[in-house]
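Student: only geometry, no sequence info:
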């Protein structure tokens, strides 16, 4: 079976940690047994065994990264389903003023207790399974590709593409939130997904054109 890492840009794929590739291969060798016990659950697999399991991918992913074992993380029985970014663009009627787009400014941190990089024009998107940034933003965040986990990202419909996933923290309204950050190698939008939004209250005040976090 082809590795998820092989779908990444060549220069990025070369930096994927060899332990992750080994854990991916070992998972598929043991997949029938894992399916029996963990069907429809998120798991992290390393050293021939499930080391973390749960129902929330962002929590499983962060615990998996903390192990330092470069585990393979997936939803058992749904391994080939991409992380969906369901935002859809519709053409405006040019005879009518354009509708406003809600945007927020977000600080992304590599460690929860250290200052990070603040990015503007981030779209709070309840249609997105997880958070995504263009690959160019990852250069600012100084994220090491060897610490990322290959995965799949997709839009509306059946399309999917390779991505690299990192455990980071979003700092908003004075609080840190675990984030499952996807690299978008083909797009240029910054998306704040449900991995973060489901942990806070977000009020979209359309008439006044503002987004209020934890009102």
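Tutor: On my side now, so go ahead. The structure displayed is predicted, hence computed values, not measured ones. Numbering: from 1, shown residues only.

Student: elements contacting the longest helix seen in the chain?
Tutor: Across the chain, the longest stretch assigned as helix under DSSP state H is helix 18-29. Identification of packing neighbours for helix 18-29 by 3 or more C-beta pairs under 8 Å, 6 or more residues apart in numbering; DSSP states H and E yields strand 42-46, strand 72-75, strand 149-154. Every C-beta, even on glycine, is put in place using the N, C-alpha and C of the backbone.

Student: format the ones you listed as a markdown table; extra columns: mean neighbour count, distance to residue 125 and mean pLDDT.
Tutor: Shown next, in a markdown table, are the helices and strands packed on helix 18-29 (neighbours: other C-beta atoms under 10 Å; distance: least, C-beta to C-beta, whole Å; pLDDT from 0 to 100):
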| stretch | mean neighbour count | distance to residue 125 | mean pLDDT |
| --- | --- | --- | --- |
| strand 42-46 | 24 | 21 | 98 |
| strand 72-75 | 24 | 21 | 97 |
| strand 149-154 | 23 | 13 | 93 |
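
Student: Serialize those strands to a markdown table and add fields for distance to residue 133.
Tutor: Converted to a markdown table, the helices and strands packed on helix 18-29 look like this (distance: least, C-beta to C-beta, whole Å):
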| stretch | distance to residue 133 |
| --- | --- |
| strand 42-46 | 22 |
| strand 72-75 | 19 |
| strand 149-154 | 11 |
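
Student: where along the chain do the strands fall?
Tutor: 42-46, 49-54, 72-75, 83-84, 104-109, 117-124, 131-134, 149-154, 161-172, 175-184, 190-192, 202-205, 210-213 (DSSP state E).

Student: of those, which is nearest residue 29?
Tutor: strand 42-46 (10.3 Å; C-beta to C-beta).

Student: what is the neighbour count of residue 173?
Tutor: Neighbourhood size, residue 173 [other C-beta atoms under 10 Å]: 10.

Student: so the closest residue to residue 213 other than its chain neighbours versus residue 65, what's the distance?
Tutor: Residue nearest to residue 213 in three dimensions, not counting chain neighbours: residue 173, with 4.5 Å by C-beta to C-beta, 6 or more residues apart in numbering. For residue 173, the distance to residue 65 (C-beta to C-beta, to the nearest Å) stands at 24 Å.

Student: repeat for residue 18
Tutor: For residue 18 relative to residue 65 (C-beta to C-beta), the value is 17 Å.

Student: more neighbours: which of these two?
Tutor: A count of neighbours by other C-beta under 10 Å puts residue 65 above the other of residue 18 and residue 65, at 21 against 9.

Student: show the contacting residues for the residue nearest to that one when sequence neighbours are not counted.
Tutor: Counting by C-beta to C-beta, 6+ apart, residue 65 lies nearest to residue 167, which is 4.1 Å off, once chain neighbours are set aside. Residues counted as contacts of residue 167 (C-beta atoms under 8 Å, 6 or more residues apart in numbering) are 61, 62, 64, 65, 66, 178, 179, 180, 181.

Student: mind picking the two most distant members of these?
Tutor: Maximum pairwise distance among those (C-beta to C-beta): 15.5 Å, between 66 and 181.
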